[in-house]
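In: This is a predicted model, with the sequence first.
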Amino acid sequence: MLHIQNVSFEFGGNYLFRDIDWFIKPRERIGLIGKNGAGKSTLLKLIMGKYDVREGSINKSGGINLGYLSQDMISEDGNQTIIEHAKQAFKRALFIQSELESLYALMETDPSEENIQKMADYQEEFDALDGYNIDNKTAEILEGLGFKTVDLNRPMKEFSGGWRMRVVLAKMLLEEPDIMLMDEPTNHLDLPSIEWLEGYLSNYPGSVVIVSHDREFLNKMINKTAELSNNKLYLWDGNYDFYLKAKVERDDLISRQAANQNQYIKEQEKFINRFKAKASKAKAVQSRIKMVDKIERIVEIDEDKSNLKIDFKVSKPSGKVVMDLNDIHQGFDSQTLFDGVNREIVRGDKIALIGANGTGKSTFLSIIANEIDFNGQRKEGHQVISSFYAQHQLESLHLDYEILEELQYDAPHKTEMELRNMLGCFLFGGDDVFKKIKVLSGGEKARVSLAKTLVSDANFLLLDEPTNHLDIDSIEIIIEALKRYEGTLIFVSHNRYFIEKLANKVWWIEEQDVKEYPGDYTEYLYKIHQSQKPIDSNISKRKTQKSNENKTSKDSWKQKDEKEDKLKKLQKKLDQKEEQLANTQNHLQNLEEKLNTIETTNQDEYANLSNEYSNTLTLVNQLTQESEKLMEEIIALE
Ligand SMILES: Nc1ncnc2c1ncn2[C@@H]1O[C@H](COP(=O)(O)OP(=O)(O)OP(=O)(O)O)[C@@H](O)[C@H]1O
Ligand SMILES: [Mg+2]
């Protein structure tokens, strides 16, 4: 359906990927994964034609429609209402609708045969397109994504970037494209909407490519994994957990093969060195040299192991009670969000604040942060230094600043050295700190924002969706760092894994109150079965076959003729061996190529190939030794 062939792409000479091949088939559910900055968004933009394909090609087979949800926030200040915007998905039906309206008007003055026929045709097409149901369908999807019925007729511009994103998502779903490309769709959704989307997509007849760093979501949604790493695209026949397991196995196999190959090359080189002085053996030696040159070296996959090195430092501890909230009331327009909330936060709390969409999670955090007006008492404890990572923190970055400037803006009292050290922990080393915010990937922007939050050494962190855009390794590191954090923490997250690992308390917003749930998150909401035990990597070291160097040569041929005869025979044998060796060597090379480029890690296929590889390698080693023996015999005779 969609064929990406040999595509390479670079920004200013830095290659994001080289020679990637990918065939997207109908009805696939693919997770496109990779570290922040690996080039996932760029690859989707290439497919969508937002960047020119300069090296390689991307072919779309006859008339397939692509749908695309961008990772970047959309600025939309039109007056169009939410439902009007989403409805644009039904272009043709809307066109017919307006044509029909004009025709009705026209018929009053000109009820010609032609107009009647036109109307009938349009009417028929409109029915076929289920035109009368457009509004219902649109509303259904928008409500699934969390909009209230009363919101549907409000203009887009009244909503935050995250909510506008949902409208764009709704429109894309309604268009029902053959392939949906979604760049981190869950960043803008809350748990109920994510679940709704999971349900919706599971019955979707088209293909879906999802970029996501949410392992729960990935595991549920996908049956294929495409990994961008080391400038290459690797494809796996399973969901994220499968990928994790299969990758360990693959890396293991590859490193064993690479070791075998090295051993083999060493043997060959030994042979070459040993006999290269013998002019008469030049042919055999030359063919060996050629063989070694031809071998395609197995490259071990060198993971990019660079990771965040974050420590959430506390400059001085706060008092025991961090925050005392009494009789908090808050609401907008006619809607009451909180109606007399009493809660206390004590030092060391790690609170997950959860609740359905629109119940006021972010609002509650803003009250704690003292960033909005409310009624009631908010008493901050002794020596509390707080830092607030707001939900759309990324939107407040200055696009034209360089990374270092962005940090200086928040921490003018810190030296450049201090800030650069800090940025180093967030993986911005060297000249990276002079990169402009606007060219950064989603995850890179999130890292800058997090660095900004932490620059104050606060002892009380308020984090609203801190894992948005971050890759899975980074999330893991933040979890560990926050676990070690000696301060107090309250956070909102839709990442189930993050909540499960971190929270020691769950606050649940319901009925305009913030309730504390007695059990833990897992018990309460989701039964998450995560068995991430790495598989047993029991590397069976190949026994290296030492060539037998102590061959005795028996000088027992007295007669010259006999000797000549014997030499001829040996020479012939040697030629045959060498030929056989060359053939086997070719076969080995083919197998290597296959193993290096095998499209999927279909476990059986991989195991078969790798077995055959091992056997062939053994044969090559055996032939090498035999031919060496012959060689020595010949030399001894001469
Ligand atoms: N116009 C540009 N000029 C220079 N570098 C760029 C430009 N656009 C993107 N980059 C860089 O290319 C890299 C890949 O960016 P991309 O947005 O594709 O990453 P990603 O895999 O989607 O990451 P994330 O998971 O963080 O969203 C990043 O390091 C980014 O800074
Ligand atoms: Mg991206």
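Out: Cool, the structure landed. Computed from a prediction, not measured in an experiment: that's the story for all the values here. Numbering: from 1, shown residues only. Ligands and ions are numbered 1, 2, ... in the order given.

In: Only C-alpha atoms from now on, for both contacts and neighbour counts.
Out: Fine.

In: Write out the residues of the stretch 401-550 of the chain neighbouring ligand 1.
Out: 439-444, 469, 471 (CA under 6 Å from any ligand atom).

In: Could you rerun that using 5 Å?
Out: 439-443 (CA under 5 Å from any ligand atom).

In: out of those residues, which are buried?
Out: Burial of these was assessed by neighbour count (16 or more other CA atoms under 10 Å); the buried members are 440-443.

In: Among the residues of the stretch 401-550 of the chain next to ligand 1, name the ones in helices.
Out: In helices, judged by DSSP state H, the following of those are found: 442-443.

In: Need the buried ones among the residues of the stretch 401-550 of the chain next to ligand 1 in CSV (columns: pLDDT).
Out: Listed next are these as CSV, based on pLDDT from 0 to 100:
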residue, pLDDT
440, 93
441, 92
442, 91
443, 91
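
In: related to what we said a few turns ago, pick the one among the residues of the stretch 401-550 of the chain next to ligand 1 closest to residue 136.
Out: residue 442 (34.2 Å; CA to CA).

In: Enumerate every residue touching the closest residue to that closest one other than its chain neighbours.
Out: Once its chain neighbours are removed from consideration, residue 442 has its nearest residue in residue 469; the separation is 5.5 Å (CA to CA, 6 or more residues apart in numbering). Neighbour list for residue 469: 36, 184, 187, 213, 442-443, 446 [criterion: CA atoms under 8 Å, 6 or more residues apart in numbering].

In: likewise residue 272?
Out: Contacts of residue 272 were listed using CA under 8 Å, 6+ apart, and they are 285, 288-289.

In: Using CSV, list the CA coordinates for stretch 364-379.
Out: The C-alpha trace of stretch 364-379 is given here as CSV (Å, rounded to 0.1, in the frame of the first residue of the first chain):
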residue,chain,number,x,y,z
PHE,A,364,-6.7,21.8,41.2
LEU,A,365,-2.9,21.8,40.6
SER,A,366,-3.1,25.5,39.7
ILE,A,367,-4.9,26.2,43.0
ILE,A,368,-2.1,24.4,44.9
ALA,A,369,0.4,26.4,42.9
ASN,A,370,-1.5,29.6,43.7
GLU,A,371,-1.7,30.5,40.1
ILE,A,372,-5.5,31.0,39.9
ASP,A,373,-8.2,32.6,42.0
PHE,A,374,-10.5,30.5,44.2
ASN,A,375,-12.5,30.6,47.4
GLY,A,376,-11.3,29.0,50.6
GLN,A,377,-8.0,28.8,52.5
ARG,A,378,-4.7,27.6,51.1
LYS,A,379,-2.0,27.5,53.7
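
In: Can you show me the helices along the stretch 301-450 of the chain?
Out: In the stretch 301-450 of the chain, helices defined by DSSP state H, counting those that start in this stretch lie at 361-368, 403-410, 416-425, 442-454, listed in chain order.

In: helices or strands up against the second one?
Out: Packing partners of helix 403-410 (3 or more CA pairs under 8 Å, 6 or more residues apart in numbering; DSSP states H and E): helix 416-425, helix 442-454.

In: outside of that helix, which residues touch it?
Out: Residues from elsewhere that reach helix 403-410, judged by CA under 8 Å, 6+ apart: 397-398, 414, 416, 419-420, 432-437, 448, 451-452.

In: again, 10 Å this time
Out: Under the criterion CA atoms under 10 Å, 6 or more residues apart in numbering, residues 397-402, 411-412, 414-416, 419-420, 422-423, 428, 432-438, 440, 444-445, 448-449, 451-453, 455-456 lie in contact with helix 403-410.

In: What separation do you get for residue 337 and ligand 1?
Out: Computed as CA to the nearest ligand atom, to the nearest Å, the residue 337 to ligand 1 distance reads 33 Å.

In: Once you drop chain neighbours, what's closest to residue 131?
Out: For residue 131, ignoring the flanking residues on the chain, the nearest one in space by CA to CA, 6+ apart is residue 93 at 5.8 Å.

In: ah, wrong one, I meant residue 2
Out: For residue 2, the spatially nearest residue (CA to CA, 6+ apart) is residue 60, at 4.6 Å.

In: Surely the one you found and residue 5 touch.
Out: No: here residue 60 lies out of contact with residue 5, judged by CA atoms under 10 Å, at a distance of 11.2 Å.

In: Three-state assignment for the single nearest residue of the stretch 51-200 of the chain relative to ligand 1, please.
Out: Among all residues of the stretch 51-200 of the chain, residue 71 sits closest to ligand 1, at 7.2 Å; criterion: CA to the nearest ligand atom. Following DSSP: H, G, I helix; E, B strand; the rest coil, we place residue 71 in the coil state.

In: give me the number of residues near the nearest residue to it once chain neighbours are set aside?
Out: The shortest distance from residue 71 to any residue other than its chain neighbours is 5.0 Å, reached at residue 183 (CA to CA, 6+ apart). As a burial measure, residue 183 scores 22 neighbours (other CA atoms under 10 Å).
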